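Engineer: Sequence and predicted model, in that order:
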Amino acid sequence: MKTIEWKNGKVILIDQTMLPLKEVYIETSDYLRVAEAIRVLSVRGAPAIGVAAAYAVALAVAQSSAKSTPELLQEIEEAIKIIGATRPTAVNLFWALERMRKRAHVSSHLAVSRLKRVLKEEADKIAEEELEMSRQMGEYGAGLIEDGDNILTHCNAGSLATVDYGTALAVIRSAHNQGKRIHVYADETRPLLQGARLTTWELMKENIPVTLICDNMAGYFMSLGKIDKVVVGADRIAANGDVANKIGTYSVAVLAKEHDIPFYVAAPISTIDTSLPDGGRIPIEERAPDEVVGFGGNRVATEGIKVANPAFDITPNRLVAGIITDRGVLRPPYDTSISGLFA
Ligand code: MRU
């Protein structure tokens, strides 16, 4: 299953807000619709957001009636501004938009029709590369997983968060495909339940053994010796290896440290932001209070209650046993291993 596809001049996205109850697809040639899909989490997960953003630029360009290349370049800048304002934390969004911008500028000698084609090809390339990176992460990460492991994961870092295959779930998929008998504990991941709704849906489809737990149960299962490893994804990794990921990830990492359980992060290099020295500089998205006071339109909290809703948290590098990338597994000290990747 592909989370995002381009077909006949349209972008097709599975609407993740409806899963697992309904399998509904958004099909659009309007880039603003894709931007809205990113904003409301119809498409979500750092690599998937990046690919959706690249295709949104390609749609903006395809639909443009600009008569000259400078006019088209101006429209691209406007589209990039709108798409870039949808979500602040996942760096893949800005990484993909920057790639599209650069490609447009190095191609500014081309006629409008040719430039349109080039940008669609660039978006395809980003999508293909993300898929390949998922496969590579799976290969590298599976080497860390042993037969019989119980693995805890948080949020959804699977096919749905990428083009296909996943990041954390790529590691799990590859280990499973290698014949390792593994079992996954999926944190439900309040407030939007990406674990309960999406991770369990994906894994059950492939008959990968999975048990759903509430977020506050992870420590108990660790204390019982029922969890051997933690593998999660990332939305942005700073130059020193601090990791932004779904809210609750930091708590899981602290618990893992207490119980001497290796805590791994799986992310493609498009998620590494070497412009930020540490996690303290990563912007954390604050989402609407209605996500916390209830779910699916059903209110559970008292009317008028004050709410905080940060969508991500930062896990300090000292809690991370390894970062599984498409180029191999990075180990501490991360400032050195990360700078080595980009040298
Ligand atoms: O708010 P979301 O659902 O976009 O958050 C997603 C996550 O935090 C994922 O763990 C992360 O993007 C890694 S996905 C491969």
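Structural biologist: Nice, thanks for sending it over. Numbering: from 1, shown residues only.
Engineer: Walk me through the domains of this structure.
Structural biologist: 4-135, 142-341 (automatic domain parsing).
Engineer: Turn these into JSON lines, including mean pLDDT and mean neighbour count.
Structural biologist: Where you see a C-beta, it was placed from the backbone N, CA and C, and this is true even at glycine. Output for the domains of the chain, formatted as JSON lines (pLDDT from 0 to 100; neighbours: other CB atoms under 10 Å):
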{"stretch": "domain 4-135", "mean pLDDT": "98", "mean neighbour count": "19"}
{"stretch": "domain 142-341", "mean pLDDT": "98", "mean neighbour count": "20"}
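Engineer: all helices in the chain, in order from the N-terminus.
Structural biologist: 31-39, 46-63, 69-84, 91-106, 112-142, 168-177, 194, 200-205, 218-223, 249-258, 290-293, 334-341 (DSSP state H).
Engineer: So which of the ones you listed is nearest Gly241?
Structural biologist: helix 334-341 (2.5 Å; CB to CB).
Engineer: Which strands and helices lie in contact with the closest one?
Structural biologist: Packing contacts for helix 334-341, counted by 3 or more CB pairs under 8 Å, 6 or more residues apart in numbering; DSSP states H and E, involve strand 322-325, strand 328-330.
Engineer: if we go to 6 Å?
Structural biologist: Contacting helix 334-341 under the criterion 3 or more CB pairs under 6 Å, 6 or more residues apart in numbering; DSSP states H and E is no other helix or strand.
Engineer: hmm, who's touching that helix?
Structural biologist: Contacts made with helix 334-341 from outside it, assessed by CB atoms under 6 Å, 6 or more residues apart in numbering, are listed as Ala239, Asn240, Gly241, Asn317, Arg327, Leu330, Arg331.
Engineer: Quickly name whichever of those residues is closest to Ser251.
Structural biologist: Asn317 (16.6 Å).
Engineer: Kindly report the residues of the stretch 151-300 of the chain close to the ligand.
Structural biologist: Contacts of the stretch 151-300 of the chain with the ligand, taken as CB under 6 Å from any ligand atom, map to Cys155, Ala157, Ala161, Thr162, Thr167, Gln194, Gly233, Ala234, Asp235, Asn245, Lys246.
Engineer: quick one: the residue in the stretch 151-300 of the chain positioned nearest to the ligand from Ala127, how far?
Structural biologist: At 2.6 Å from the ligand, Gly233 is the closest residue in the stretch 151-300 of the chain, using CB to the nearest ligand atom. Taken as CB to CB, to the nearest Å, the spacing of Gly233 relative to Ala127 amounts to 18 Å.
Engineer: Same question for Lys120.
Structural biologist: 11 Å.
Engineer: what do you get for Gly143?
Structural biologist: According to CB to CB, Gly143 and Ala127 sit 26 Å apart.
Engineer: residue at max distance from the center of this protein?
Structural biologist: Centroid-distance maximum for the chain: Lys67 at 36.4 Å, with CA atoms, centre = their mean.
Engineer: now that residue, nearest residue through space, not along the chain?
Structural biologist: Val112 (7.2 Å; CB to CB, 6 or more residues apart in numbering).
Engineer: need the contact list for that neighbour.
Structural biologist: Ala66, Thr69, Leu72.
Engineer: per-residue confidence at Met1?
Structural biologist: Met1 is assigned a predicted lDDT (pLDDT) of 66.
Engineer: ok, now which ones touch Met222?
Structural biologist: Contacts of Met222 (CB under 6 Å, 6+ apart): Leu255, His259.
Engineer: ok, now how distant is it from Val230?
Structural biologist: 9 Å.
Engineer: swap in Asp124?
Structural biologist: 34 Å.
Engineer: can you pull up the bridge partners for Lys246?
Structural biologist: Lys246 has these beta-bridge partners by DSSP bridges: Phe312.
Engineer: so how far does stretch 29-44 reach from one end to the other?
Structural biologist: End-to-end distance for stretch 29-44: 19 Å, by CA to CA, to the nearest Å.
Engineer: same thing with stretch 135-152?
Structural biologist: 20 Å.
Engineer: Hmm, Ile247 is touching Asp313, no?
Structural biologist: Yes. Using CB atoms under 6 Å, Ile247 is in contact with Asp313, at 5.2 Å.
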